Structure formats: C-alpha cells, structure tokens
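In: The following block contains a protein sequence and its predicted model.
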Amino acid sequence: MNYQQTLDYLYGMLPMYQRIGQSAFKKDLSNTIRLCEALDKPEKKFRSVHVAGTNGKGSSAHAIASVLQESGYKTGLYTSPHLKNFTERIRINGQEIAETFIVAWVAEHKHLIETVKPSFFELTVALAFDYFASEEVDVAVIEVGMGGRLDSTNVIIPEVSLITNIGLDHMAMLGNTLAEIAGEKAGIIKKGIPVVIGQKQEETTPVYLKKASELQAPLHFAGEHYQLKEEGAGKWQVWKEETLFMDNLRPDIKAAYFIRNLPGVFKSLEILQEKGYSKIASSTIKTGLAQIVANTGLKGRWQVLGQEPMIVADVSHNPDGILQLLEQLRQQNYRKLHIIIGTVNDKDIQTVLCLLPKDAFYYFCQANIPRALAAESLEQQASRMGLEGKIIPDVNQALKEAHQQAQAQDLILITGSTFVVAEIEDL
C-alpha cells in the first residue's frame with residue numbers, strides 16, 4: 001500500500017471519533033495496553049510530559065515542546081486532531097513523521113491491528129509511542145485526546161502532568177458538571193508525579209486536591225506562582241512570586257486566551273528544571289515561546305490569514321473557548337463583523353449561539369465529515385437566536401463570498417470547529 005491507501009485502510013477499518021463521534025470512544029485502556037505490550041512497551045522507553053484540559057491543552061503542549069526543542073532536547077510532540085495531514089499529529093523537533101514510516105509500520109503490524117481492532121486514536125497513540133521510542137527522543141510532550149482517566153495516552157508515567165482549564169465539553173462522555181469533567185481529567189495524575197493546574201477554578205479545585213492527596217502527587221496551582229502583566233505592543237512581563245522573572249516576552253501565538261495558559265507552561269518547565277533538565281534556561285524559554293508556530297507548526301489559534309479585510313481563523317468551538325475568542329474580538333477595530341461558522345452535531349451549540357454577537361453577518365457552513373451539523377440545521381437554530389446570515393455549506397465558498405461582501409475595514413472570522421478551520425485552502 002502507498003501512503004494514501006494506508007490512510008484509507010486505517011480510516012475505513014478503525015472507528016475515528018473526530019469523524020463519527022461518540023460511537024468511536026472506548027471507555028477503557030485495554031486495547032492500548034495490548035498494542036503497547038505487542039510493541040515491547042514503547043511508552044516506557046522515553047520520558048514525557050502529559051497535558052490534559054478542555055481548552056488550552058494543545059497550545060500548551062506546543063509551547064512546552066518548543067521550549068524543550070530550543071533548549072537542545074530531541075523533543076517528540078503528539079497532538080490531535082490534525083488539520084491538514086495525519087502526519088501533523090506526530091512530530092520530532094517540529095518535523096512531521098515521515099509518510100514512509102507510517103506505511104512501513106502499518107504493513108509490519110497489520111496482523112496486530114486486525115487482531116486487536118483498536119480505534120483510530122488507540123492505534124495512533126501506539127504508533128506515536130513506538131516512533132518516539134525508535135527515534136530515541138529525549139522527551140515527548142503528549143496531549144490527551146479526550147478526558148484523561150481512560151484516554152489512550154494515559155499509559156505513560158510522565159515527568160510532570162499539566163491540566164489546563166476545565167469547561168463544559170464532551171459532556172456525553174466526561175460528565176455534566178465541571179467537577180465531573182475535572183475528575184476525568186485528573187485521571188492523568190500519577191502516584192508521586194508532580195501535577196500542575198493551569199487555572200484555579202472553584203468547582204474543580206477540591207477534585208484535584210483529593211486526587212493528588214490520594215496519590216501523594218505534589219500539586220501546584222500555577223497562578224499562585226506565575227503572573228503575566230502586559231507591557232504593550234504584544235510584549236509581556238512574567239512575575240514569579242512577586243519578583244520579575246522575565247520581561248519583553250513576545251509569544252508568537254496571537255490568541256489572547258493563550259496568555260492564560262502560560263503560568264501552567266512556566267510552572268511545568270520549572271519542575272522539569274528541578275528534575276534535571278538543566279538546559280532549560282530563561283533565554284531558551286523566551287526564544288521557545290517566541291517561536292512556537294515556527295518550531296511546531298501550530299495553526300488555528302487567532303491565525304491571521306489576510307488583511308483589508310482582516311481574516312482570522314480560530315478553532316474555538318465550546319462555550320468557554322468562544323467566550324475567550326469574543327473577548328479578543330472586542331479589542332479589535334473593525335467596521336463590520338462577518339462570521340463563517342460550522343460545528344459538529346454533538347456540541348452544545350445552543351449555548352454557543354447565545355454568546356455570539358447579533359450585529360454580525362453569518363455564513364453557515366459544515367465540514368466534510370459525517371459528524372458535522374448540517375449547515376441548514378445550524379442556520380435554523382441560529383435564526384431563532386436572532387443571528388442573521390446565509391447558508392453556504394463549503395467553508396472556502398463561504399470565505400470567498402464573505403471576502404466579496406466585506407469592505408477593507410471589516411473583519412472576517414472563521415470558527416466553530418477544528419474541522420471547518422482545517423478545510424480552509426490557504427491555512
């Protein structure tokens with residue numbers, strides 16, 4: 001099989017949550033454990049950092065990986081979902097896994113795949129771990145797919161665990177309250193392993209305190225150690241326990257909500273330093289955070305695609321993420337706002353629609369996946385919320401129409417789903 005045939009084989013044989021939703025979600029680690037045992041336990045052959053959370057876990061994972069890479073460590077990075085190509089999920093020092101490796105690996109382990117019949121995500125995790133082990137990375141940053149406790153990545157014993165903020169998302173699988181969802185995310189806490197909580201929240205704090213106490217895991221609330229203060233012109237000061245730690249920090253992720261993730265990133269890096277990662281220094285932290293996009297290829301976080309009119313793509317898709325996105329929108333100067341939006345059929349779209357501005361003009365679209373909410377249904381629900389617009393199912397056609405209608409002083413935002421953003425041709 002060539003690369004495309006290999007992908008078609010995987011997509012066709014294995015259930016994939018991103019495409020079909022809840023029916024692909026398996027609530028145990030048995031398949032991942034079987035795969036890893038057959039592969040000679042690759043998860044035990046490299047050191048790791050584990051990152052979970054509702055929003056911010058992807059950008060935090062990319063940020064930590066960028067700093068480790070700038071510090072001279074051979075750094076693996078596993079994230080999901082991908083935007084354009086499957087190979088984006090698995091990187092070493094920013095370089096995507098080779099298509100030839102994937103083809104050869106699937107061919108070699110085809111019997112194992114057909115025997116275990118794992119989900120797409122379970123197999124992807126096993127492939128990533130085997131790749132990192134075979135390439136002898138110094139450390140790999142591993143982003144949880146969903147939840148934590150029963151997530152396929154949760155077979156590693158990391159150097160440090162980071163849990164970013166908790167919001168209401170994937171409720172059918174993870175729980176109906178912030179405390180229940182935090183309980184699932186807290187499943188990545190391991191006995192004696194330090195855990196960093198990126199954002200302290202009233203409902204989730206007792207969950208973390210209890211879990212960490214049970215496992216004798218040192219618990220750190222990042223905001224009690226690090227604070228950021230804006231200097232202006234995209235520059236930030238970092239304060240560590242009331243002492244200036246760093247100034248003139250210029251992260252290249254321009255999403256304002258990313259700044260909220262940085263205390264967790266800084267505390268995680270501090271713990272790695274204490275564990276012997278001596279090449280991490282203030283200079284490599286500053287450089288690493290200034291080159292996250294360049295080093296890791298991260299996309300879709302307030303990514304500016306054009307000017308006059310300004311065009312922004314952002315993968316925010318749940319109520320908490322949309323709230324933070326709207327906060328940044330309010331800081332922009334524009335004449336009229338055009339929003340191209342699509343979503344999937346298992347999200348809390350009613351709450352999201354209630355948050356969106358009524359003075360914008362909307363273009364309702366849908367990603368080309370079975371899980372997508374039909375653009376017609378999205379428009380009907382939006383109309384009941386007082387949101388006006390038109391149905392253009394294809395995101396690129398919607399963008400072309402918005403560009404034709406917009407004036408130079410307008411702003412076009414593409415959001416609502418990772419999969420809608422992924423289909424933008426010029427991303």
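Out: In hand now; what should we look at? Residues are numbered from 1 along each chain as shown.
In: Tell me how far the closest residue to residue 88 other than its chain neighbours lies from residue 97.
Out: In this structure, residue 88 finds its nearest non-sequential neighbour in residue 82, 4.0 Å apart by Cβ to Cβ, 6 or more residues apart in numbering. (Glycine included, C-beta is placed from N, CA and C.) Residue 82 sits at a distance of 11 Å from residue 97 (criterion: Cβ to Cβ, to the nearest Å).
In: ditto for residue 312
Out: Taken as Cβ to Cβ, the span from residue 312 to residue 97 is 29 Å.
In: Which of residue 82 and residue 97 has more residues huddled nearby?
Out: Comparing residue 82 with residue 97 by other Cβ atoms under 10 Å, the one with more neighbours is residue 97, at 23 against 16.
In: Now do the same contact list for the more buried one.
Out: Residue 97 sits next to 87, 89-91, 128, 131 when contact means Cβ atoms under 8 Å, 6 or more residues apart in numbering.
In: contacting residues for the residue nearest to it when sequence neighbours are not counted?
Out: Once flanking residues are discounted, residue 97 sits nearest to residue 90: 4.1 Å by Cβ to Cβ, 6+ apart. By Cβ under 8 Å, 6+ apart, residue 90 lies in contact with 76-78, 96-97, 124, 127-128, 131.
In: Quickly list what residue 90 is bridged to.
Out: Beta-bridge pairing of residue 90 under DSSP bridges involves residue 78.
In: mind showing which ranges of the stretch 101-250 of the chain have poor pLDDT?
Out: Low-confidence segments of the stretch 101-250 of the chain (pLDDT under 70): 167-176.
In: try 80 this time
Out: 146-147, 167-176 (pLDDT under 80).
In: For the stretch 201-350 of the chain, just list every one of the strands.
Out: Assigned by DSSP state E, counting those that start in this stretch, the stretch 201-350 of the chain shows strands spanning 219-221, 226-232, 235-240, 243-249, 303-306, 310-313, 337-341.
In: so which of the ones you listed gets nearest residue 70?
Out: Closest to residue 70 of the strands of the stretch 201-350 of the chain, according to Cβ to Cβ: strand 243-249, at 13.6 Å.
In: Tell me if I'm right that residue 126 and residue 39 touch.
Out: Yes: counting by Cβ atoms under 8 Å, residue 39 is a contact partner of residue 126 at 6.2 Å.
In: Looking at these two, which one has more neighbours?
Out: Higher neighbour count among residue 126 and residue 39: residue 126, with 28 against 19, using other Cβ under 10 Å.
In: next one: phi and psi at the more buried one?
Out: phi -60, psi -40 (degrees, to the nearest 10).
In: From the opening residue of stretch 337-346 to its closing one, how far?
Out: End-to-end distance of stretch 337-346 (Cα to Cα, to the nearest Å): 27 Å.
In: roughly how far is that stretch from the heart of the chain?
Out: 18 Å (Cα atoms, centre = their mean, to the nearest Å).
In: Any buried residues in it, and which?
Out: 337-344, 346 (16 or more other Cβ atoms under 10 Å).
In: Residue 326: which of the contacts of residue 97 is nearest?
Out: Nearest member of the contacts of residue 97 to residue 326, counting by Cβ to Cβ, is residue 89, at 29.0 Å.
In: The closest one: neighbour count?
Out: Residue 89, neighbours per other Cβ under 10 Å, totals 22.
In: Touching, it and residue 124? I think so.
Out: Yes: applying Cβ under 8 Å, one finds residue 89 in contact with residue 124, separated by 6.2 Å.
In: where do the contact lists of those two overlap?
Out: residue 80.
In: At which residues are the helices of the stretch 301-427 of the chain located?
Out: 319-329, 349-355, 375-384, 395-405, 418-422 (DSSP state H, counting those that start in this stretch).
In: Pick the most buried one from those.
Out: Comparing the helices of the stretch 301-427 of the chain by mean neighbour count (mean count of other Cβ atoms under 10 Å), helix 418-422 comes out on top with a mean of 23.
In: average pLDDT across that one?
Out: Across helix 418-422, pLDDT averages out at 94.
In: I'd like the helices of the stretch 301-427 of the chain laid out as TSV, including distance to residue 72.
Out: Formatted as TSV, those follow (distance: least, Cβ to Cβ, whole Å):
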stretch	distance to residue 72
helix 319-329	33
helix 349-355	42
helix 375-384	47
helix 395-405	40
helix 418-422	32
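In: Tell me which of these lies nearest to residue 189.
Out: When the helices of the stretch 301-427 of the chain are compared (using Cβ to Cβ), the closest one is helix 319-329, at 21.8 Å.
In: Any idea how far that closest one is from the middle of the chain?
Out: For helix 319-329, the distance to the chain centre is 16 Å (Cα atoms, centre = their mean).
In: The residue nearest to residue 177 when sequence neighbours are not counted: neighbouring residues, count only.
Out: Nearest non-adjacent residue to residue 177, counting by Cβ to Cβ, 6+ apart: residue 203, 7.0 Å away. Neighbours of residue 203 under the rule other Cβ under 10 Å: 13.
In: Just list the residues touching residue 203, thanks.
Out: 166, 177-179, 182 are the contacts of residue 203 under Cβ under 8 Å, 6+ apart.
In: Going by neighbour count, which of these comes out on top?
Out: residue 166 (30 neighbours).
In: quick check, nearest of the contacts of residue 97 to residue 244?
Out: Of these, the one sitting nearest to residue 244 (Cβ to Cβ) turns out to be residue 91, at 33.4 Å.
In: who touches the closest residue to the closest one other than its chain neighbours in this structure?
Out: Of all residues not flanking residue 91 in the chain, residue 77 sits nearest, at 4.5 Å (Cβ to Cβ, 6+ apart). Residue 77 makes contacts with 61-62, 65, 90-92, 94, 140-141, 296, as judged by Cβ under 8 Å, 6+ apart.
In: Okay, and which of the residues you listed map to strands?
Out: Residues from the contacts of residue 77 lying in strands, with DSSP state E as the criterion: 90-92, 140-141.
In: can I get those in JSON lines with distance to residue 404?
Out: Shown next, in JSON lines, are the ones in strands among the contacts of residue 77 (distance: Cβ to Cβ, whole Å):
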{"residue": "90", "distance to residue 404": "39"}
{"residue": "91", "distance to residue 404": "37"}
{"residue": "92", "distance to residue 404": "42"}
{"residue": "140", "distance to residue 404": "45"}
{"residue": "141", "distance to residue 404": "42"}
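In: one step back: could I get the pLDDT score of the residue nearest to residue 88?
Out: Per the predicted model, pLDDT is 91 at residue 82.
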